[in-house]
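*Asks:* Quick one, what's the 3D model for this:
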Amino acid sequence: AMAQAALGAAGLHFDELNKLRVLEPEVAAQTVQLREECRAFVDKTAEFQKIVGSLTEVVDQLAKAAESEKMKAIGARNLLKSIAKQREAQEQQLQALIAEKKMQLERYRIEYETLCKTEADQNEFIDQFIFQK
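*Replies:* Residues are numbered from 1 along each chain as shown. You can find the predicted model right below:
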């Protein structure tokens, strides 16, 4: 025990296997435990980084998909606008055509009335001519 005390004063200690150590057995055990805890911490940190990396990839993919869908939606909206403008132009053309046809119909109606009157006048003339004979 006295030798052990002298060695202890010199900073040397025996471990549980009676090997000569510089550190006290308790400090050595704490050091080993700390090393294991550090290793576990480093492993967990690496795992966390992997998870964060995967999450970042997923978020990037979602962002790209969202951007792609946004561009599709803008394209569809622009297409609808151009179709609406085309329809409007077609409608204006058809309205103009209807107005033109109405005017033509009115001319034909007037022409028809004039022809009917002319026919009636001619029939009257023919009737008078026959009765005079």
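*Asks:* what about residue 130, distance to residue 124?
*Replies:* 11 Å (C-beta to C-beta, to the nearest Å). No exception for glycine: its C-beta is placed from N, CA and C like everyone else's.
*Asks:* Equivalent analysis for residue 131, please.
*Replies:* 11 Å.
*Asks:* mind checking how far stretch 73-93 is from the chain centre?
*Replies:* Offset of stretch 73-93 from its chain centre (C-alpha atoms, centre = their mean, to the nearest Å): 22 Å.
*Asks:* pLDDT below threshold where in this structure?
*Replies:* 7-8, 11-12, 14-17, 20-25, 133 (pLDDT under 70).
*Asks:* Identify the single longest helix in the chain, thanks.
*Replies:* helix 25-132 (DSSP state H).
*Asks:* Give me the distance from that helix to the chain's centre.
*Replies:* 15 Å.
*Asks:* on that earlier part again, between residue 131 and residue 124, tell me which one has more neighbours.
*Replies:* Set residue 131 next to residue 124 and count neighbours by other C-beta atoms under 10 Å: residue 124 wins out with 10 against 7.
*Asks:* Might you report the residue contacts of the more buried one?
*Replies:* By C-beta atoms under 8 Å, 6 or more residues apart in numbering, the contact set of residue 124 is empty.
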